[in-house]
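Engineer: Fold the following, please.
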Amino acid sequence: MSPPSIFSTLQADSGVSASHTRLPLEQIRQQMHRTLHDCSASVGAQRMIFKINLAETPAELWQLRSDVHLCISRLHGQAEAAKRINTLLAGFAGWIEPAQLVHI
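Structural biologist: Model (predicted):
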């Protein structure tokens, strides 16, 4: 019997289910861009787009949600911002622990 690979060990330790089909990073990034589609004229949104483009992992994108929410809420209100952020949850399934995938 061969020893477990580093990838199986990391996956087992992450607490994230491997049974779910994960979206590629680029698709999650595009979803986040779409949430800001009508906010791009603001300086804050431009900064967020830059940060979204720099993110190297789904976890980094996940950490930007509150900043994206703030950009949207400044122009459209908190209800619309929460609605848009909540549409992103499915894209993070399989990357983020299920306990963290909660609606705003």
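
Engineer: Gly91 is in contact with Ile28, correct?
Structural biologist: Yes: assessed by C-beta atoms under 8 Å, Ile28 is found in contact with Gly91 at 4.6 Å. Using the backbone N, CA and C atoms, a C-beta is placed for each residue, glycine as well.

Engineer: mind showing which ranges of this structure have poor pLDDT?
Structural biologist: For the chain, applying pLDDT under 70 flags the ranges 1-20.

Engineer: residue closest to the middle of it?
Structural biologist: In the chain, the residue lying closest to the centroid (C-alpha atoms, centre = their mean) is Trp62, at 3.6 Å.

Engineer: other SSEs contacting the helix or strand that one falls within?
Structural biologist: Assigning secondary structure by DSSP states H and E places Trp62 in helix 58-63. When contacts are defined as 3 or more C-beta pairs under 8 Å, 6 or more residues apart in numbering; DSSP states H and E, helix 58-63 sits against helix 25-35, helix 89-92.

Engineer: looking at those helices, which is buried most?
Structural biologist: Ranked by mean neighbour count, the helices and strands packed on helix 58-63 are led by helix 89-92 with a mean of 18 (mean count of other C-beta atoms under 10 Å).

Engineer: Contacts for it, please.
Structural biologist: Outside of helix 89-92, the residues within contact range by C-beta atoms under 8 Å, 6 or more residues apart in numbering are Leu23, Gln27, Ile28, Gln31, Pro58, Leu61, Trp62, Leu101, Val102, His103.

Engineer: from the residues you listed, which single one is nearest Ile72?
Structural biologist: Using C-beta to C-beta, Gln31 is the member of the contacts of helix 89-92 that sits closest to Ile72, with 13.4 Å.

Engineer: was I right about that closest one contacting Leu88?
Structural biologist: Yes: at 5.7 Å, Gln31 counts as touching Leu88 under the criterion of C-beta under 8 Å.
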